[in-house]
Each structure stands twice: as structure tokens, then as C-alpha cells.
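Chemist: based on what follows, work out the 3D shape:
(2 chains)
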Amino acid sequence: MFEPLLNSVDLNLLKNRIYNASPADVEHVLQKQHCTPDDFPVLISPAAANFIETLAARSRQITTLRFGKTIRLYAPLYISNECVNACAYCGFNTHNTTPRTTLTRDEILTESDVLHRQGFRHLLLVSGEHRARVPVTFIADIARMLRKKFAALAIEVYPMETNEYQLLAESGITSIAVYQETYDRTRYAELHQGPKADFSYRLATPERAAHAGLREIGIGALLGLSDHKLDLALLALHAGYLMKKYWKAQISISFPRIRQAAGNFHASETITDSQLAQAVFALRMIMPDADLVLSTRENQTFRNGMAGLGITRMSAGSRTNPGGYSTEDNALEQFAVDDQRSASEVAAMLDNKGLEPVWKDFDRFFLS
Amino acid sequence: MQITLKSFHSLEVAELKELVIAGRKFTSRLFVGTGKYPSPDILRQSLVASGTEMVTVALRRVSLTEPDPTIAAIDFEKYLVMPNTSGAKDAEEALRLARLARTASGLDWIKLEVTPDPVYLLPDPAETLKAAEVLIKEGFIVLPYIHADPTLARRLEDIGCAAIMPLGSPIGSARGIKTEEFLRIIIEQASVPVVVDAGIGMPSHAAQAIELGADAVLVNTAIAIAADPVLMAEAFRLAVQAAEKALLSGPIEQQTHAAASSPLTGFLE
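Modeler: Model prediction:
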């Protein structure tokens, strides 16, 4: 399990390595042909910020070799905003009083039709944590319904047991996203109440999903909850561990920055566009094969610039409130979307940049 | 093998990850084969000069039940003796040999070598996997000899092999490390030790393998058929040690091409 490895990390050493890295340290790492996770703290360091153009060039080269001149597109489909957790930073915090809803099967179908017409063939089904309103069997049922029209279905819902992931895998779910949010235990305890407060259970979730045979495992951190460079280094360690142990699974990594959400949570630190870009380049340099995901939390200029430099997957035209694609109903959003462009506008942008928008990168016939 | 993650873990001094196979620690990263020597006495001296702690013995060449000069030349107290199944053409033959070896000697360790082609002696991946599965179930400590196939290496690791032994080039060819690209991948992905075996012709090849990150090397022909095997054994010992020190010294790597480019990151201002 990852937890013993995480516990073994000397955090002071790691912090020191990140914040006291010198330009000479950065140059030493940059002259390597293959960077390893052990180089990540130097690549993410403040010292390396001055080398950002070099990092960008290396990241672009590695990404292009491995993934070609393509960006995969997906859409999140929020099926419910009901939640039993009280996470300080999230719009779905159980204490937030704005309207909650769980879509019916038919409503989900309608939403999916809209997305299908926009061109999407990969969906991410999202919900808060509410086992009573959004039971595993319901998600399985939705998967069976949607798998006929969509090439791949991912979920970003509450952590489950291995046998539950197995049921979902049999129903047509191919991937899972579960973010640890922050790897800082103390901070994690401050921010979470409810079942999600169990740090260890959440930490082991990607492994339970991989055991069940899910093909793509997405992990991430919500940058701004704690020291973002430390969180990124531990996230990189986590990704490396999963890649080695579950060698048949594709690992994907997300690194959303805190956004304005209902409840007015204020982040520990502001992460600049440069810092996030550096994070992406650093991850790409140590992990040529990871799928790096950028959502519509980020602004247009940033997303446009980053496409082709290291990012391999983007959402587009997102609505983070259940029913948001087919109705005007302003049910509670999880976060405020910044890049409001439609899917076709994003696709056109990619096209202009010499990148092919990839709508389909899997096939339901891989699954039995 | 790697230098432990020094950005994440405190170390008193830089150290290489210890070589431990099936719970047994080895301080020498040079393993030596015992075939092709001009005499048992030269063999004995060469093993001493090599500093090795692990030797392999071809079961088809020795008798474990009658007095045997090669066996007599090997100090079973000093070295871990690992029989190999060289000459086996398929899984069944390898299994019979392995079981025979264990019955006769009580030794659990087995180097699994399934080589149906007597010309190039390249290992049969399908038969190797098949035999490994059975041997592991029967409680053997299995070290399979394979081509430098990363997927096969993973499959063998998954079923419980104690180490992986990918080739540098064909057995006895002395052509050196021809599989570098793939050894690199195997080394990166393996969670068990990687022992580069076969084709190592010169000490520099052994050093190269260790510098690449292999946990150990197995050398036979290069030592056995040198004009002075004892001196060659010493040379190999020094080469492997040189490579270990080089890794600990934080070496410079090959330069990537510097690429001038128009600004990619202008959008960040």
C-alpha cells in the first residue's frame, strides 16, 4: 500500500530540497536525459522557475513523442450535488443551503444526449458523497445505459470497496478519479468532516480501484489547500508508486487550483499561472506516460497556452451543476467554471494550434 | 537498482539499494558461472578472485549424486550455489531437471533456462513462463533467464520470481550489452532485482550493465575461456566495484541537445 511509503517520507528534507534548490541543482537535473521522481523536487523548486522556457520545451518534446499532436476531450456529467461531507472548500459542502438534486435516469439520459451531440464520447460521471441518494447500483445502472453510446465512462464519486468497483467495471465503467486533495494530514483533518475525513481510506482508494481492474486511475491534489509544491511532490510519489505496482493501468493526474465556490473558502496560498505551468512541465518530465488533465477551472489563455506543452486531456463546455447541460436550472455548482467556451470552440482552438481534438480513445468492445 | 530517493528520504551517506534476493543479502554484484573452465582448480581460484557470493552450475554437466570434480571445486559453504537448467528444450525438461537438483542437493534456488535452439541458445519465453509458474508453486526460488522483454519480465515478477535475468547478448557470444534500451525499461519497472546475464564479454560490459542500473551481472564464458581466468575474474570484480562507486559519485549524464526556441511561455506573463 502507498501509505507506508508516504509515512516514510522525511517532509523536512523534502521541503528543504524544494525550497533550497539552487540554479546549479536545476542545471544538473536538466542535463539528464531521463528525469526520475527523485528529480521532481528540484524541477518544482522556486529556483527552477527561472528555467521555465527550458522546462516547457522539454515537456513539449516528451508529450509530443508519446502522445502525438493530440488532446483528448471529455465532459463531466454531474448526476448529483447531494453530499454528506462538510469539506471547507467545496460548493457541495453539506452545510451550504442552496438547492440539491439528484438527477433521474431520464434526466441523465437527456444530459448525455446533449453531450453526445456536442461530440463527446468520453464522460466523467460526478457526484458528491451520498450513498443513499446515489447508490453504487444506481451508478452501475447509469453506466449500463450510457455505455452503448459512449466509448468510455469514468467516475468521480465517493470512495468505494474493491467489490463495488468490480461491479462498476462489469457495468461499463473504465476509469476512476479520486483526489487526495492534500497529502498534508494535519491540514486534511482541518478541512474535512464526514466520511471523507478518513485520510487513509481515501489514500488507498486508487489501489482498490486498480485491484478491481479499472483501466485508468486518476489521482490529484487541490492546489492551494496546503503547500502546493509539497503536495505536488507527494502526488508525484503517489503516481510513481501506482504506475509501478499496477503496471497495466494508465495513471492520470489532475491538479486543480482552488476556485471560488459557495461557502467562501480562502486558499492558503495563491498559485500563479507560472507556478501551475511549471508543475505540469515537471510532472511531464518525470512521467512521460502520465495523462495530465486540465479542467475548465482554468482560464482560456492558460488552457490555450498549455495545450501542446504537456497537457494531454481537457474538459470543455463544462457545467458543474446537475442538469446544467439541458436546463437553465441553477442548481448548486461545485465550482465556478472559468473557461466558458463550448466544446466546438475549444476544438477549433486546438485545431488552430495544430493539435487534433480526440473525442474517442477507447472502445466499449474492449470490455466483455 | 537505484540510489534511494534522496529527495524524499534522509540518508547518512549516499548508498546503493542493497542487493537482496529472496531474503538473502549479497555484497558482491558479480555472479559467476562454473562452466567451460580448463580445470576445476582454475575454476576454484577464479571464484575466489572474483569475490563472488553466488555461483551457477549446469545440471547437465555435473553429477550431484556421484563424486564430481567441478562440484568438488566449489565451496558450498562460501557460495550460494544455484543450479541451472541449461540445455532444457521445454518447460517439462526444465521442471524435471529442477526437481532432480533439489532432491539431490536440497537446494531451493534454480536458474531457469529454457533454450530450445542450440545455435543461439536464446530463451523460449512461453516455456519459461510455464515452467516458472509450476516451480514457484512447488516452492522453488526461481530466477528466470529471458530476453530483455519488459512485458515478460513483469509477468514473471507478478507470478513470484525472485529476480529477473535478462540477456545482454546471446550466451557465449561476448558481444556485450546489445539490449540496452530494453534493459533500461526493465530496470525502471522491476520491483525485484535485475541480473544481466549472458553475452558479457569484457569487464567494461559488466560495468556498463551496473551503470545502467542493473542490480548484478552473471558472467561465465568471459572468465572461463580467458587465457588467465583468475586474472580476468579479478578484472571483473574491479569493474563491478568501479561501476558501483561511479553511481555513488553522482555522475554527469549524456547531454541532451540544447534547443533554442522562440518563447513557448509568453502566455504566462
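Chemist: grab the nearest non-local neighbour of A:F40.
Modeler: Spatial nearest neighbour of A:F40, excluding adjacent residues (Cβ to Cβ, 6 or more residues apart in numbering or on different chains): A:A236 at 4.6 Å. Placement of C-beta: from N, CA and C, glycine included.
Chemist: now do the same contact list for that neighbour.
Modeler: Contacts here follow Cβ atoms under 8 Å, 6 or more residues apart in numbering or on different chains; on that basis A:A236 touches A:P37, A:F40, A:A282, A:L283, A:I286, A:M287.
Chemist: of the residues you listed, just the buried ones, ChimeraX syntax please.
Modeler: With 16 or more other Cβ atoms under 10 Å in any protein chain shown as the criterion, this ChimeraX line picks the buried residues out of those:
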select /A:37,40,282,283,286,287
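Chemist: which of the contacts of A:A236 fall in helices?
Modeler: By the criterion of DSSP state H, membership of those in helices covers A:F40, A:A282, A:L283, A:I286.
Chemist: for chain B, state which of the residues you listed is nearest.
Modeler: Relative to chain B, the closest of these is A:F40; by Cβ to the nearest Cβ it sits at 7.2 Å.
Chemist: wait, doesn't the closest one sit right on A:R284?
Modeler: No. Taking Cβ atoms under 8 Å as the contact criterion, A:F40 and A:R284 are not neighbours in contact, 10.9 Å apart.
Chemist: assign the residue most central in space within chain B to helix, strand or coil.
Modeler: In chain B, the C-alpha nearest the mean C-alpha coordinate belongs to B:V195, at 2.7 Å (Cα atoms, centre = their mean). At B:V195 the chain is in strand, as set by DSSP: H, G, I helix; E, B strand; the rest coil.
Chemist: got a list of what it touches?
Modeler: Residues in contact with B:V195 (Cβ under 8 Å, 6+ apart) are B:F31, B:L143, B:A163, B:I164, B:M165, B:A214, B:D215, B:A216, B:V217, B:L218.
Chemist: then A:N163?
Modeler: Under the criterion of Cβ under 8 Å, 6+ apart, the contact partners of A:N163 comprise A:A212.
Chemist: closest point of chain A to chain B, which residue?
Modeler: For chain A and chain B, the shortest gap (Cβ to the nearest Cβ) falls at A:G305, measuring 3.4 Å.
Chemist: ok, which stretches of the stretch 101-250 of chain B are helices?
Modeler: With DSSP state H, counting those that start in this stretch as the definition, the stretch 101-250 of chain B shows helices at residue ranges B:125-137, B:150-159, B:180-189, B:203-212, B:221-224, B:229-248.
Chemist: A:R144 is nearest to which of those helices?
Modeler: Closest to A:R144 of the helices of the stretch 101-250 of chain B is helix B:150-159 (Cβ to Cβ; 31.0 Å).
Chemist: quick one: the closest one near chain A?
Modeler: Yes. Residues of helix B:150-159 are located near chain A by Cβ under 8 Å from any Cβ of the partner chain, namely B:R154.
Chemist: who touches that helix?
Modeler: Residues outside helix B:150-159 that contact it (Cβ under 8 Å, 6+ apart) are A:247, B:125, B:128-129, B:132-133, B:136, B:144, B:146, B:164, B:166, B:182, B:185-186, B:189-192, B:194.
Chemist: okay, the angle between that helix and helix B:125-137?
Modeler: With axes from the mean of the first three to the mean of the last three Cα atoms, to 10 degrees as the basis, helix B:150-159 and helix B:125-137 are set at 10 degrees to each other.
Chemist: residues in contact with the closest residue to chain A within chain B?
Modeler: The nearest approach of chain B to chain A comes at B:F267, 3.4 Å away (Cβ to the nearest Cβ). Counting by Cβ under 8 Å, 6+ apart, B:F267 makes contact with A:T301, A:F302, A:N304, A:G305.
Chemist: so what's the first one closest to, chain neighbours aside?
Modeler: It stands for A:T301. Nearest non-adjacent residue to A:T301 (Cβ to Cβ, 6+ apart): B:F267, at 5.7 Å.
Chemist: that's a helix at the one you found, yeah?
Modeler: Yes. Assessed by three-state DSSP, B:F267 belongs to a helix.
Chemist: for A:E53, see how far away it is.
Modeler: Distance check for B:F267 against A:E53: by Cβ to Cβ, to the nearest Å, it reads 12 Å.
Chemist: and B:L212, by the same measure?
Modeler: Using Cβ to Cβ, B:L212 is found at 31 Å from A:E53.
Chemist: tell me the gap between stretch B:228-244 and the middle of its chain.
Modeler: Taking the mean C-alpha point of stretch B:228-244 and that of its whole chain, the gap between them comes to 15 Å (Cα atoms, centre = their mean, to the nearest Å).
Chemist: state the mean pLDDT of it.
Modeler: Stretch B:228-244 carries an average pLDDT of 97.
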